[in-house]
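Colleague: Need a 3D model of the following:
(chains A, B, C, D and E)
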Amino acid sequence: MDAGIKLRMSRLFNADTGKSVIIAIDHGIEGVPKGLEDPMAKTEELLQSGIDALLLNPGLFRRVCKFWKRRNDPGVILAADYFISTTVPGRKAEAEEYRKILEIEDAIQLGADAIKMILVFGQRDLKLYAYNLEIVAAAIQKAHRCFGLPVMLETVLWGITSTKEELGSIQVLRDMMRIAVELGADILKLPSLGTYEEMAQMIQWSPVPVTVLGGQTHPDFKCVIEGVKKTIKAGACGIVFGRNVWQRDDLKEAVKALQIAVHSS
Amino acid sequence: MDAGIKLRMSRLFNADTGKSVIIAIDHGIEGVPKGLEDPMAKTEELLQSGIDALLLNPGLFRRVCKFWKRRNDPGVILAADYFISTTVPGRKAEAEEYRKILEIEDAIQLGADAIKMILVFGQRDLKLYAYNLEIVAAAIQKAHRCFGLPVMLETVLWGITSTKEELGSIQVLRDMMRIAVELGADILKLPSLGTYEEMAQMIQWSPVPVTVLGGQTHPDFKCVIEGVKKTIKAGACGIVFGRNVWQRDDLKEAVKALQIAVHSS
Amino acid sequence: MDAGIKLRMSRLFNADTGKSVIIAIDHGIEGVPKGLEDPMAKTEELLQSGIDALLLNPGLFRRVCKFWKRRNDPGVILAADYFISTTVPGRKAEAEEYRKILEIEDAIQLGADAIKMILVFGQRDLKLYAYNLEIVAAAIQKAHRCFGLPVMLETVLWGITSTKEELGSIQVLRDMMRIAVELGADILKLPSLGTYEEMAQMIQWSPVPVTVLGGQTHPDFKCVIEGVKKTIKAGACGIVFGRNVWQRDDLKEAVKALQIAVHSS
Amino acid sequence: MDAGIKLRMSRLFNADTGKSVIIAIDHGIEGVPKGLEDPMAKTEELLQSGIDALLLNPGLFRRVCKFWKRRNDPGVILAADYFISTTVPGRKAEAEEYRKILEIEDAIQLGADAIKMILVFGQRDLKLYAYNLEIVAAAIQKAHRCFGLPVMLETVLWGITSTKEELGSIQVLRDMMRIAVELGADILKLPSLGTYEEMAQMIQWSPVPVTVLGGQTHPDFKCVIEGVKKTIKAGACGIVFGRNVWQRDDLKEAVKALQIAVHSS
Amino acid sequence: MDAGIKLRMSRLFNADTGKSVIIAIDHGIEGVPKGLEDPMAKTEELLQSGIDALLLNPGLFRRVCKFWKRRNDPGVILAADYFISTTVPGRKAEAEEYRKILEIEDAIQLGADAIKMILVFGQRDLKLYAYNLEIVAAAIQKAHRCFGLPVMLETVLWGITSTKEELGSIQVLRDMMRIAVELGADILKLPSLGTYEEMAQMIQWSPVPVTVLGGQTHPDFKCVIEGVKKTIKAGACGIVFGRNVWQRDDLKEAVKALQIAVHSS
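Modeller: Okay, here's the model as predicted:
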């Protein structure tokens, strides 16, 4: 592995455990998310709570980078693209588009440790999916070839044509994971799916770290923590949580519980 | 903040008050606006009246730049794009298109302190909105990465599909502001909407200066001034006024009154 | 004004009078125009007749440039784009397309003093108009930023949807002129429209030279000359004539008369 | 004049008077100058004292740019090169070298209004003088061609072979000024030499603004002020003072006196 | 300060204390240093001992980067140049040369948090000193302009002509520090010189963090620790120690003692 990739990866994962509690606050690209109304204050609170990495959009990072003050502060993952489905925030999906919002050079100049991209399956227009795939592949190659920057790739079934069956299919998820690896992703970001035995099987072959996302806020946090423990036992290298953390009043306690679940499971 | 961004921002906002009276005369891109028939004479008059910054199109700026003579003359904000809705000036909107009309390199060579761009919500064609967003994101990143040039971003609901409800919705406006910040805008330009309490709430979280536009000419200028005072008290860092200034006979008095309202509120 | 722009402009306009007799022979891009069957001979004749500038297509210029022999020979304006309406010359308009046919670098390498572009209003497809506008804006910025090359912009209502009313509307013409100035055009090229008082009003605000075109051949040349005199008195900086010159047998006398009308009015 | 050059020049000179009080603090490139031990504090004091422009090195500007807060704050001139004569600060001149320390792109990104360069006459090695001249010429052309950035050129007789006669010769100074103009300098920076009648004669032909430097601290400040008044009367557009300002205890009073002498003479 | 510079600086200095224990192992560029015979083992040991940053050559870093495993592992400072004095390792100085051994792009690809460069005073050949200065200035500007990468600059009197007096002169050291700041260095690296009062005076004006190097191994480590405490009290932001750490048998205890001395003084 290249030195830069290795070094930057080391800032995202805890080496004692090889695991990571990553918090995502990149939701604002679609409008103000409940619980994230004041991203400045929330970011500061997250940094104080001891998370391992923060995933956010480049414009917001420019405004909050002043909170990074010590070596142990969280790794920085910048969102580099955007899947667009409405022309007015708050509307239901109207159609599908995909665009890059950040060049690798920007990410480097901003000091990011990684970028996150998405590969959206199930889009109605194959040409758009092909464009998405092309942009992702090119970004990964350039990030590797020129800058030693890791790329986290989230493979999602956000396309309009995705069927319920596909959305629940472990086989489809495995296929999508594999495509991400074949394209060169350094970290995978997946939804939680199936039993934990199935998850373990799905993860075990992966040559790159797999992180599992949290999704919608779950009313029972104990249940969330149990899920995280099982996820880690199933082989995940970390979690990427958003709403389940910053929509809670006890953010710091939530992070602490996640840290224990992730690093002590 | 980068040295260049900082220095150029300092030319747009008055540091004693942190506020700015910005006058927009970029309306000519759609044809001759009433009150702005002679842009040369009007620009000269505006410079003499003591405004803080002028927003105009690059072609016109080439013709009027001779009026800039002293360090305290207004900051220059160049319009860099254009939302097109008719193929003949004066017609009602026929369709929707968006195009860039200025490269960052041009703005720098012309000596601009900032560029202004628009992100148009409510467009019928999602592909066009996506194109708009991509152009804006790329321009912001390049302006920051290479040139230290600030970007003012105006988020507007000019699209054909925008509903009356959306146009009057504070939530939608907040969402649009947030998207602008996530993309990296250095200055926001917003319409005046809702009560001043709602405006204050809307503005207070913003990590970048918020300016509020004037819109159509209001018959009662006292009322306009009262509105400006409340806008500033609500947390706005300045106003971007056009017709309410240059459609008035007493332009200089109007600017003077705005200066007092903005800098002494 | 930039040195290069200034120097090249000075080659198009007579400094004693500030006026110019420009002859256009760029019609051949649509096929053989009556009166211009032998462009080589005609060009030579025009150069001998003492015109101020010649407007032609780049390919033809390569073949006739051998006739330029002295400093006082006419300025060279190269047509840089093309509004296309048929797939076979001679057919009636089938549809609408717009393409650039010359890069600024080509114009420079060929030694042109200016390029001429068109902005076509009234096109059926707004996307095509937006494309036209984008190409024109980019060419103007590049010609200015990199090469000091002036751009003459002709704003025309050639689009299929243009109504008779719009074609005869002084307001629409004023709007189009204004858009040209806001985009950065260095010279405007307009049709003759309205009374000469209206024309004077239309021209007087313009910060850049306005030239007026001749259009179709007029049977009464005296009448043409009278019109030119009044056009100049109305504030035009010159004329751009084609058919009214090279469809006449007495080309040299015609040019001489135009010279007197333009420079002695 | 290009828009950018014009706009940036307008930030260096006061348009009411056409004059400028420029303070130079770029001496630190050779070590700690007496009176400038704390460049941060001194810069802040200078900004508060109301100077028209500050001349400094790029590295220091990065640290003090935070003091720029309002549009009327001084213009920024960055030193872009360095004439080197010792290998240890404080030693007597050992030999002669010249190097560029700033690219035009850096100056632009930092938001500078101009750069300052030196052309050193009297160097022992003609090759080095030629290198100096080549670097200066290339920088001027690039600053003009690509960025609209003005270049202040200081022509000096710092070379080892310069004779006393040459150092005191008005003819040599005129020759050096002329070379600067022929190369494209936008502002000249000269030593005070000869009688004020001679200075007037020397300056009057210059097509670009001439500024006169202060040199070593003069014990009698009244005498300095008298000299400044005569310098301005002789046609200088401003002064570039360093030690005579920041080696004084009453810096603010000194600047005030200079302002009056420069702008009211 | 730019986002990237800020973020990368935060990895070198402990924000609670603002201080740093930096260990240098870049001595191998001149051959095998006593105590550093096995750089792999030593690096691993250093990482386990809890240092704040490691300064090393790029080639070695490629081989040891595998030891970086957690976010809190030391910041990485890569040596980017080399002052050469012999053609065979072990010989006495034969002459003087200076070369860059790392491009900024390499440092970025390797994931470095900063690069370290040297500016060597007292060189016999002024041309070589000028070359050194030019390389350093260009690297600083490029690191800042394009990549947001901090540059540590060590100003040293390694030149053959340096006199004993100069080597012991606080004034010369202050001058060299100042030159480094004027060129844009982000971190200074200095020898310990003079009394601690003099050191305090020397450091207090600096707008960038000052680190003090350890030099030759001192037999009495208690004495070393006392010196470090006083150095920190004098205003230094950290130490850059080499032989005094890795020539000791009790490396980990030594680092622990330095950590306490640096962060608790």
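Colleague: Chain B contacts on the stretch 101-250 of chain A?
Modeller: A:101-103, A:105-106, A:109 (CB under 8 Å from any CB of the partner chain). Just so you know, the C-beta spots here come from the backbone N, C-alpha and C atoms, and that holds for glycine as well.
Colleague: would you say A:Val240 is within a helix?
Modeller: No. With DSSP: H, G, I helix; E, B strand; the rest coil as the criterion, A:Val240 is located in strand rather than a helix.
Colleague: Roughly how far does it sit from E:Ala24?
Modeller: For A:Val240, the distance to E:Ala24 equals 38 Å [CB to CB, to the nearest Å].
Colleague: Could you do A:Gly122 as well?
Modeller: Counting by CB to CB, the gap from A:Gly122 to E:Ala24 is 54 Å.
Colleague: Those two: which has the busier surroundings?
Modeller: Of the pair A:Gly122 and E:Ala24, E:Ala24 is the one with more neighbours under other CB atoms under 10 Å in any protein chain shown, namely 23 against 17.
Colleague: Which stretches in the stretch 101-250 of chain A count as helices?
Modeller: For the stretch 101-250 of chain A, the helices defined by DSSP state H, counting those that start in this stretch cover A:104-109, A:126-142, A:164-167, A:170-183, A:196-204, A:221-233, A:243-246.
Colleague: How about the fourth one, which residues are buried there?
Modeller: Within helix A:170-183, the residues that count as buried by 16 or more other CB atoms under 10 Å in any protein chain shown are A:172-174, A:176-177, A:179-181, A:183.
Colleague: what's the answer for stretch A:144-155, then?
Modeller: For stretch A:144-155, the neighbour count (16+ other CB under 10 Å) marks A:144, A:147-155 as buried.
Colleague: End to end on it, go ahead and measure it.
Modeller: Separation of the first and last residues of stretch A:144-155 by CA to CA, to the nearest Å is 19 Å.
Colleague: Return the distance of it from the chain's centre.
Modeller: Computed by CA atoms, centre = their mean, to the nearest Å, the chain-centroid distance of stretch A:144-155 equals 13 Å.
Colleague: Now do it, average pLDDT.
Modeller: Mean pLDDT, stretch A:144-155: 97.
Colleague: May I have the beta-bridge partners of the closest residue to A:Asp26 other than its chain neighbours?
Modeller: Take A:Asp26 and drop its neighbours on the chain: the residue closest to it by CB to CB, 6 or more residues apart in numbering or on different chains is A:Ala79, 4.2 Å away. Beta-bridge partners recorded for A:Ala79 (DSSP bridges): A:Lys116.
Colleague: Same list (the helices of the stretch 101-250 of chain A) but as JSON lines, adding distance to chain D.
Modeller: Formatted as JSON lines, those follow (distance: least, CB to the nearest CB, whole Å):
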{"stretch": "helix A:104-109", "distance to chain D": "11"}
{"stretch": "helix A:126-142", "distance to chain D": "22"}
{"stretch": "helix A:164-167", "distance to chain D": "47"}
{"stretch": "helix A:170-183", "distance to chain D": "34"}
{"stretch": "helix A:196-204", "distance to chain D": "45"}
{"stretch": "helix A:221-233", "distance to chain D": "44"}
{"stretch": "helix A:243-246", "distance to chain D": "32"}
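Colleague: So which of those is nearest E:Met9?
Modeller: Closest to E:Met9 of the helices of the stretch 101-250 of chain A is helix A:104-109 (CB to CB; 14.3 Å).
Colleague: Now do that closest one: which elements does it pack against?
Modeller: helix E:3-10 (3 or more CB pairs under 8 Å, 6 or more residues apart in numbering or on different chains; DSSP states H and E).
Colleague: ok now the helix it packs on, how far from the chain's centre?
Modeller: Its chain's C-alpha centre and that of helix E:3-10 lie 18 Å apart, by CA atoms, centre = their mean.
Colleague: how about it as PDB, C-alpha atoms only?
Modeller: What follows is helix E:3-10 as a C-alpha-only set of coordinates in PDB (Å, rounded to 0.1, in the frame of the first residue of the first chain):
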ATOM      1  CA  ALA E   3      -7.800  24.900   6.100                       C
ATOM      2  CA  GLY E   4      -5.100  22.500   5.000                       C
ATOM      3  CA  ILE E   5      -2.200  24.400   6.800                       C
ATOM      4  CA  LYS E   6      -4.300  24.600   9.900                       C
ATOM      5  CA  LEU E   7      -5.300  20.900   9.900                       C
ATOM      6  CA  ARG E   8      -1.800  19.700   9.200                       C
ATOM      7  CA  MET E   9      -0.300  22.000  11.800                       C
ATOM      8  CA  SER E  10      -2.800  20.600  14.300                       C
END
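Colleague: Past that helix, which element shows up next along the chain?
Modeller: Scanning forward in sequence from helix E:3-10 by DSSP states H and E, the next helix or strand is strand E:20-24.
Colleague: Packing partners of that following strand?
Modeller: Strand E:20-24 packs on strand E:53-56, strand E:210-213, strand E:238-241, helix E:251-263, going by 3+ CB pairs under 8 Å, 6+ apart.
Colleague: what do you get if the cut-off is 6 Å, keeping everything else the same?
Modeller: Packing contacts for strand E:20-24, counted by 3 or more CB pairs under 6 Å, 6 or more residues apart in numbering or on different chains; DSSP states H and E, involve strand E:53-56, strand E:238-241, helix E:251-263.
Colleague: Generate a markdown table for those, with mean neighbour count and mean pLDDT as supplementary columns.
Modeller: Below are the helices and strands packed on strand E:20-24 laid out as a markdown table (neighbours: other CB atoms under 10 Å in any protein chain shown; pLDDT from 0 to 100):
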| stretch | mean neighbour count | mean pLDDT |
| --- | --- | --- |
| strand E:53-56 | 26 | 98 |
| strand E:238-241 | 26 | 97 |
| helix E:251-263 | 19 | 96 |
